[in-house]
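Enquirer: Give the three-dimensional model of this entry:
(one chain, ligands or ions: 1)
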Amino acid sequence: NTASLKGAATTFSVGTITRSPYVTAGGTHIEILKNEFNNLTSEYEMKMNIMYPSEGNYDFSAGDAIVGFAQANDMNVHGHALIWHNATPSWVENFSGTDAEFEAMVEDYITTTLNHYKGKVRSWDVVNEAFEDGTGHPLRNSVFRQKMGDDYIKKCFQFARNADPDVILFYNDYNMASSPTKRQAMFNLVDELGDLIDGVGAQMHISYNGPSAANIQAVADGTVSRNLKLHFAELDIRANPEEDTSLTSLSSDRANAQKDKFKEVVQIYNAIPLDNKFALTVWGVRDNESWLLDFWGVPEWPLMFDEDYNKKPAYAGFLEGLE
Ligand code: G3I
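Expert: Okay, the predicted model is just below:
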């Protein structure tokens, strides 16, 4: 049915994020998930700090609730994220064993997790945000890099590929459009990974006034030229990037500029070849639930629904991007 985002986007999945309390609560939020979206990313409950809270002790319960809801509603699940410096449990940060024991632990964690979700989770962000900000290189000095070496990313992709040859494996990062340097560093990594990687996750945490269409197109072009899947993985579009504390509501000018940016991003995504299409995922349903509120401390009105679950002009912009 075209009266929805997923109904209109016939050549790629339309995703958003969720958490286990939502999928068990029901109500308007769930109705919107079911009607508008067919690809779910766990906002935080399929990260290492939640799934592997202490050594030898896995807890997949929250992720299982999300996967169960998705299976009941014919939706795909994108696993996010196996390895991320910001979601590493403290026992891993303070690992007391040898480097070889650390690497064996990481292989066991990736293997156990992929086996648990085999046939239920279509794709995984194997590594998230490995590059330092600014230069895009060197790699962040995470505990994984310290204990497994600079080629830890390739090792983690190999562990994942060994565990489940059918799951679609992504590298995921932010500022892929706004930072040509970081974008190039990411594509260099992708080239080093060869056939261990299936797709590029560009988070797309952007603003109504940037990055430019040309820079967003460059992310698509670099991915398509490598014949990889592209996932615009965490799209939200700040309407107050100036962090103007005097703004207390979303003006029609900003709402329309945001609509145009949603349309632009969807047009770029919709234009890539079918073989390179995976999903376009927005990082949330309602403006007032966005991570950006906490991060910037000012309203950003970044999503397609307002706090009363009304469709904003941004929703129309998404649909216009598909025409
Ligand atoms: O739900 C619990 C609640 O029960 C508890 O009382 C509260 C206080 O500890 O925590 C709540 O969980 C929070 C969770 O978000 C849900 O709100 C976690 O503390 C908080 O750390 C978690 O933050 C998430 C963050 O990643 C870290 O995992 C954000 O929701 C999520 O939007 C953010 O997403 C990241 C992507 O994974 C990677 N790209 C950047 C993006 C934004 O930072």
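
Enquirer: Which parts of this structure are strands?
Expert: Ranges of strands in the chain, per DSSP state E, are 13-18, 39-42, 76-84, 123-128, 168-173, 199-202, 205-207, 229-238, 277-282.

Enquirer: pretty sure Ala220 is touching Leu230, no?
Expert: Yes: checked against Cβ atoms under 8 Å, the pair Ala220 and Leu230 is within contact range at 6.0 Å. All C-beta atoms are positioned from the backbone trio N, CA, C, and that covers glycine.

Enquirer: dump the residue contacts of Ala130.
Expert: The contact partners of Ala130, by Cβ atoms under 8 Å, 6 or more residues apart in numbering, come to His85, Leu139, Arg140, Ser142, Arg145, Ile153, Tyr171, Asp173, Leu189.

Enquirer: what about it, distance to Arg145?
Expert: Between Ala130 and Arg145 the distance is 8 Å, computed by Cβ to Cβ, to the nearest Å.

Enquirer: Need the overlap of contacts for these two.
Expert: Common neighbours of Ala130 and Arg145 are listed as Leu139 (criterion: Cβ under 8 Å, 6+ apart).

Enquirer: interface residues of the stretch 201-323 of the chain facing the ligand?
Expert: Among all residues of the stretch 201-323 of the chain, those adjacent to the ligand (criterion: Cβ under 6 Å from any ligand atom) are Gln203, Glu234, Trp291.

Enquirer: that older thread, quickly list what's touching both of Ala220 and Leu230.
Expert: By the contact definition Cβ under 8 Å, 6+ apart, Ala220 and Leu230 are jointly contacted by Tyr269, Ile272, Asn276.

Enquirer: ok, these vs the ligand, which is closest?
Expert: Tyr269 (18.3 Å; Cβ to the nearest ligand atom).

Enquirer: burial of that closest one, as a residue count?
Expert: When neighbours are counted by other Cβ atoms under 10 Å, Tyr269 registers 27.

Enquirer: The one 4 residues further on too?
Expert: Using other Cβ under 10 Å, Pro273 is surrounded by 11 other residues.

Enquirer: okay but it is in contact with Ser225, surely?
Expert: No: shown here, Pro273 and Ser225 do not form a contact pair, counting by Cβ under 8 Å, at 10.8 Å.

Enquirer: Quick one: residues contacting Glu107.
Expert: Taking Cβ under 8 Å, 6+ apart as the definition of contact, the neighbours of Glu107 are Lys155, Phe159.
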